[in-house]
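Asker: here is my input, please return the structure:
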Amino acid sequence: MTIPYVTSFSDDFNDATSLLALFPADGSRWTGWERKPTQSINDATLVSDGLGGRLMKFVAQASVRPYPDGLSKMEIKKQNFAFKAGMTVEILARYYLVGTKPADGLLLCDLEGPPDSEGEPGIRLILVGGSGEYLAVDRSKFGQPTIYQPSPILFPRNAWVRLRWRIALSQGQDGAIWLFQEDAALLHAANVQTMPPANMTNGVYDDLQVGITANGYQSDAIVGVDNVSIAAV
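Answerer: Numbering: from 1, shown residues only. Purely as a prediction, here's the structure:
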C-alpha cells in the first residue's frame, strides 16, 4: 500500500482504543515505533490523562556504552512528510518528565530525513546541563554544533510543559530556529544550518519522532507525551 505524503498531522490520543489503533495500515495516523534494546524495560503505553482522555507514556532504560549498540530508545514516529529546504515547520507537543533523576542527553523529539549510511540525519531536542536541566537543539547528526539557550530556563520535572519548536529549513547557513517552553522564548538562532547537507540526504525531512527518541547514560527515564502536532507554516 502506498501511503500518501502529508503536510500536517496532529494527535491528542484521546480516541485511541489501544496502542495498535495508533498504527493503521493506511498510514493515516502514526506509522511505526522503535524500541531498542528489544529485551529491556523499554515500553510505550496508552494511559488515562485523568480527565477522560488518553496520553502516551514512554519508558526507557539508560543507554550503556559503547554506542550505538548500547543505545536505548522508545519512540513512536509519523512518516511520509515532504518538508523541504525553504519551508518552515512548526512542531507542538506537551511533555511530562517523571522524577528528579539526572537526564543529561535525553532526546525528546526528532525531525529527520530518509535513511542513508548515517542512519536518519536530522535535528533534535535534547536535555543538557550536566543532569538534564535545560533544552537545547542538537544538530550532531549532520556535524553542526548544538544550539544552547543564551539564558537557560529550567525544564520542569513532574509537571506538564508545552513546547513549540519552529524551524526554517535550510541545507546552508540561512535557516532559523525558534524554541518556546510554555510562553517563554528559550532561543532564537538565525543564519544557521537546520538540515543535513546535500551529500547526506536529498533535502527532505520525512519523519517525526516523539517519546524517548534516545536516552542518555545517566538514568532510566519515564516521559509522558500528549497533544502532538506538526505542520508547514
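Asker: contact partners for the residue nearest to Ala184 when sequence neighbours are not counted?
Answerer: Nearest in space to Ala184, with sequence neighbours left out and distances taken as Cβ to Cβ, 6 or more residues apart in numbering, is Ile153 at 5.7 Å. Quick note: C-beta positions are derived from backbone N, CA and C, even for glycine. Residues in contact with Ile153 (Cβ atoms under 8 Å, 6 or more residues apart in numbering) are 134, 181, 184, 186.
Asker: next, the buried residues of stretch 49-59.
Answerer: By neighbour count, and taking 16 or more other Cβ atoms under 10 Å as the criterion, the buried residues in stretch 49-59 are 49, 54-59.
Asker: against Ile91, how distant is the residue nearest to Ala184?
Answerer: Ile153 is 18 Å from Ile91, where distance means Cβ to Cβ, to the nearest Å.
Asker: now do the same contact list for Leu107.
Answerer: 73, 124-127, 138, 212-215.
Asker: so which two of the contacts of Ile153 are the farthest from each other?
Answerer: Pairwise distances across those peak at 11.9 Å for Tyr134 and Ala184 (criterion: Cβ to Cβ).
Asker: more crowded one of those two?
Answerer: Tyr134 (19 against 9; other Cβ atoms under 10 Å).
Asker: leaving out chain neighbours, which residue sits closest to that one?
Answerer: Using Cβ to Cβ, 6+ apart and skipping the chain neighbours, the partner closest in space to Tyr134 is Pro152 (4.2 Å).
Asker: element containing that neighbour, please.
Answerer: Mapping Pro152 onto the secondary structure by DSSP states H and E places it in no helix or strand at all.
Asker: quick check, pLDDT for the residue nearest to Ala184.
Answerer: Per-residue confidence at Ile153 stands at 98 (pLDDT).
Asker: and it, how far from Gln181?
Answerer: Spatial separation of Ile153 from Gln181 under the definition Cβ to Cβ is 6 Å.
Asker: mind listing what's buried along stretch 76-84?
Answerer: For stretch 76-84, the neighbour count (16+ other Cβ under 10 Å) marks 76-79, 81, 83-84 as buried.
Asker: so which of those is the closest to Val6?
Answerer: Phe81 (6.3 Å).
Asker: using the three-state scheme, assign that closest one.
Answerer: Counting by DSSP: H, G, I helix; E, B strand; the rest coil, the backbone at Phe81 sits in strand.
Asker: thought it was touching Tyr5?
Answerer: Yes - counting by Cβ atoms under 8 Å, Phe81 sits close enough to Tyr5 to count as a contact (6.8 Å).
Asker: how many neighbours does Ser72 have?
Answerer: Taking other Cβ under 10 Å as the definition, Ser72 ends up with a neighbour count of 22.
Asker: what's the lowest-pLDDT member of the buried residues of stretch 49-59?
Answerer: Note: of the buried residues of stretch 49-59, the lowest pLDDT belongs to Asp49, at 92.
Asker: you'd agree the residue nearest to Tyr134 is up against Leu127?
Answerer: No - with contact taken as Cβ under 8 Å, Pro152 and Leu127 are classed as non-touching, separated by 11.1 Å.
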